[in-house]
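**Student:** The following block contains a protein sequence and its predicted model.
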Amino acid sequence: MFQSTTKKIVSEIDPEGSALFPVKSPLDSPKCKPLHLVIKKKKKIFSKRENYVPTPFTLTDILIDGQDIDFGLSSSIIACFSESSSTSVGAQAGVDVDCVDVGAHVSGNSSDAMSSVEMRKHTISDRTLLDVVKDRKVNREHPFVKHMKNNTVYVILEVIETEHACSVNSSAKAETGMKVLMKLLKTEADLSVSKERKLTFPAGTSIAYKVSELMISPTDTLELNWDVHFQGPDVSTSPPSSGCDQKPPPAASLAVLTNMCADKKTLFLNVILEILRHSDSLAVLDEMLDQILDGVQPDFQVLDQMEEGNRACVEKMLDLLGIEKENAPGETLALTAESEGIIRAINTLIQSFSEMDPETLILLASSVKAEIISKQLKLVTIIDDKWSGAPQYQCDPLEVKEDPEKVLITQLTDEEFEITQRVLEEFRFQLNRESASILHIMNRKQRDILALFAALYALNALM
């Protein structure tokens, strides 16, 4: 709930996504403050934006005698945000639950409400920063500096925080956050007919931050990276594309999942279904997998600050991947080619999940149970081919050939159509039942469907 909420707020106050980065986890909030240093990582597979990891270190930590510096922090109220939404569905459905007869009429509803969020912006200007530190030198012996790969320092100079405590409430009848027909549900220990979730944002919780780049000069002083400053944010002006030139990388990294034995596939699939219902675990798991692929042991202490359900998901996945808690954080890992391939595949899958709303993740879990992942994958492949901008094969007009798009949509039952429709809506596509066709919603901001393709590809490989 935390990441989806901060992303939603940032999309409202920075709709172009050109400056602000949403805070991914409440665990990162204390590290997303003015003057805190972040580490720039390689861009995520499904994102065109930069990727930063907050750290507990501040700019003053790496300066010689920097603790007494006054940076002149300015503060101002910038916005107030609130949201309320509700959805209900009803149908004649055969429910696979002992206490409900097959064919009974059932209904489900969900609602989300966010109390008014008053936000304050804390800012340090680039010019003020440089004026204050111009006579200070960087401590080359500081652990953070010694581990830097180049002379570029990434520092947070602007933060959006909550001014007062606020809360987000989510309630649903059926499965957590689900907006689908209850016919798709089965009785399991981790499912409930009714569930409510509440997330509280204490006053001073970081919602988003802005990063500036500084360069360490040959004399160990700090200078503004003017090239980046004048160039502006790295925002592509071309429309998003999920064309054939993009598809092979995630598909290639996920192919290793198809070679697993059946028992291992089942173990991974069960854990992934838990993760889909505990989306707040994604940010921590994503960061840990990045560390593992960098060849170092992740820090398990962060799990102590997580809610029980989210912590259990992370622990189960790392256990399946053979990552033991006993190793010290930062210790070098020796991964076999096979284990590294599996970890890389799971990392790609987790990154694809991180690009989606929690409601869509719940719908994917239901798609697994309804055994319609393969149909959805075929539909998404058709969408990718049709709207990728790649040249289309022109067939002989005299050749009679069934339209695979129409065939697939016609084969979907009402319940399968409902859930698939809701999955595609996040990516700005709709299914038309009457014409058995796919519609592209042109007047809404486009989302790259490559993330959905990767998620469906992986889930299909594990089924």
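**Tutor:** Here it is on my side, so go on. Residues are numbered from 1 along each chain as shown.

**Student:** Name all residues that make contact with the most centrally placed residue in the chain.
**Tutor:** In the chain, the centroid-proximal residue (CA atoms, centre = their mean) is Ser354; its distance is 1.9 Å. The neighbours of Ser354, taking CB atoms under 8 Å, 6 or more residues apart in numbering as the test, are Gln3, Lys44, Leu282, Ala283, Asp286. C-beta here means a position set from N, CA and C on the backbone, and glycine is covered the same way.

**Student:** what about Lys42, how many neighbours?
**Tutor:** Neighbourhood size, Lys42 [other CB atoms under 10 Å]: 8.

**Student:** From Gln351, how far off is the closest residue to it other than its chain neighbours?
**Tutor:** Sequence neighbours aside, Asn51 is the residue nearest to Lys42 in space, at 6.7 Å (criterion: CB to CB, 6 or more residues apart in numbering). Separation of Asn51 from Gln351 (CB to CB, to the nearest Å): 10 Å.

**Student:** quick one: which of those two has more around it?
**Tutor:** Ranked by neighbour count (other CB under 10 Å), Asn51 and Gln351 place Gln351 first, with 22 against 16.

**Student:** Mind listing what's buried along the lengthiest helix in the chain?
**Tutor:** In the chain, assigned by DSSP state H, the helix with the most residues is helix 337-354. Buried residues in helix 337-354, defined by neighbour count with 16 or more other CB atoms under 10 Å: 340-354.

**Student:** Grab the nearest non-local neighbour of Lys265.
**Tutor:** Excluding its sequence neighbours, the residue lying closest to Lys265 (CB to CB, 6+ apart) is Leu462, at 4.7 Å.

**Student:** ok, that neighbour - how many residues close by?
**Tutor:** By other CB under 10 Å, the residues close to Leu462 number 23.

**Student:** Return the residues in contact with it.
**Tutor:** Contact analysis of Leu462 by CB under 8 Å, 6+ apart lists Leu257, Met260, Lys265, Phe268, Leu269, Ile272.

**Student:** which secondary structure elements does the helix or strand hosting the last one contact?
**Tutor:** Going back to what we said before, that points to Ile272. Using DSSP states H and E, Ile272 falls within helix 262-277. Packed against helix 262-277, as judged by 3 or more CB pairs under 8 Å, 6 or more residues apart in numbering; DSSP states H and E, are the following elements: helix 308-320, helix 337-354, helix 358-370, helix 450-462.

**Student:** Nearest to Phe429, out of the ones you listed?
**Tutor:** Of all the helices and strands packed on helix 262-277, helix 450-462 sits nearest to Phe429, with 9.6 Å by CB to CB.

**Student:** in that closest one, what's buried?
**Tutor:** Neighbour-count burial for helix 450-462, counted by 16+ other CB under 10 Å, picks out 450-462.

**Student:** How about stretch 210-225?
**Tutor:** Using 16+ other CB under 10 Å as the test for burial, stretch 210-225 gives Lys210, Val211, Ser212, Glu213, Leu214, Met215, Ile216, Thr221, Leu222, Asn225.

**Student:** which residues touch the last one?
**Tutor:** Contact criterion CB under 8 Å, 6+ apart gives Thr152, Ser212, Glu213, Leu214, Met215 as the residues in contact with Asn225.

**Student:** For the residue nearest to Lys42, list each beta-bridge partner.
**Tutor:** Counting by DSSP bridges, Asn51 is bridged to Lys41.

**Student:** any idea how far Leu363 is from Leu222?
**Tutor:** Remark: distance between Leu363 and Leu222 (CB to CB) = 48 Å.

**Student:** from the buried residues of stretch 210-225, which two are the most distant?
**Tutor:** Largest separation among those by CB to CB: Lys210 and Thr221, giving 22.9 Å.
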